[in-house]
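Asks: let me see the structure of the following:
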Amino acid sequence: MAAFGPEKDVVVTDPVCGMRLPLDKAVAQEEYGGWAYFFCSDACHKLFLAAPERYSASRPDAASKNTS
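Replies: Reported below is the predicted structural model:
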């Protein structure tokens, strides 16, 4: 039986472009608002850093937090 590392089986979604990729292929990672975000490219990471609130608002759980 083959061994699998935790990163090998995890798929993440880049919050900027929506690309799904294996966690171990993420180019960059950023923490914002208590969540970890992963990116497919340096370009997506830079866009996130310029306006993290714009991209973190796309989280399904963010909608309930943003309604007052």
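Asks: can you list the buried residues in the longest helix that the chain contains?
Replies: The residue-count maximum for a helix in the chain (DSSP state H) belongs to helix 42-50. Buried residues in helix 42-50, counted by 16 or more other Cβ atoms under 10 Å: 44-45, 47-48. Just so you know, the C-beta spots here come from the backbone N, C-alpha and C atoms, and that holds for glycine as well.
Asks: now the element after it, going C-ward?
Replies: helix 52-56 (DSSP states H and E).
Asks: buried residues in that following helix?
Replies: 52, 55-56.
Asks: how distant is that helix from the center of its chain?
Replies: Relative to the centre of its chain, helix 52-56 is centred 11 Å away, using Cα atoms, centre = their mean, to the nearest Å.
Asks: now stretch 38-49
Replies: With Cα atoms, centre = their mean, you get 9 Å for stretch 38-49.
Asks: the residue nearest the centre of the chain bridge partners, please.
Replies: Centroid-nearest residue in the chain, with Cα atoms, centre = their mean: Tyr37, separated by 2.9 Å. On the basis of DSSP bridges, Tyr37 is bridged to Glu30.
Asks: per-residue pLDDT, it?
Replies: For Tyr37, the pLDDT comes out at 96.
Asks: same check, this time on the one 3 residues further on
Replies: Residue-level confidence at Cys40 comes out at 98, pLDDT.
Asks: got phi/psi on it?
Replies: For Cys40, the backbone dihedrals (degrees, to the nearest 10) come out as phi -80, psi -20.
Asks: now do the contacts for it.
Replies: Cys40 sits next to 14, 17, 19, 21, 25-27 when contact means Cβ atoms under 8 Å, 6 or more residues apart in numbering.
Asks: any idea how far it lies from Gly34?
Replies: Separation of Cys40 from Gly34 (Cβ to Cβ, to the nearest Å): 22 Å.
Asks: so where's the chain shaky on pLDDT?
Replies: 1-8, 58-68 (pLDDT under 70).
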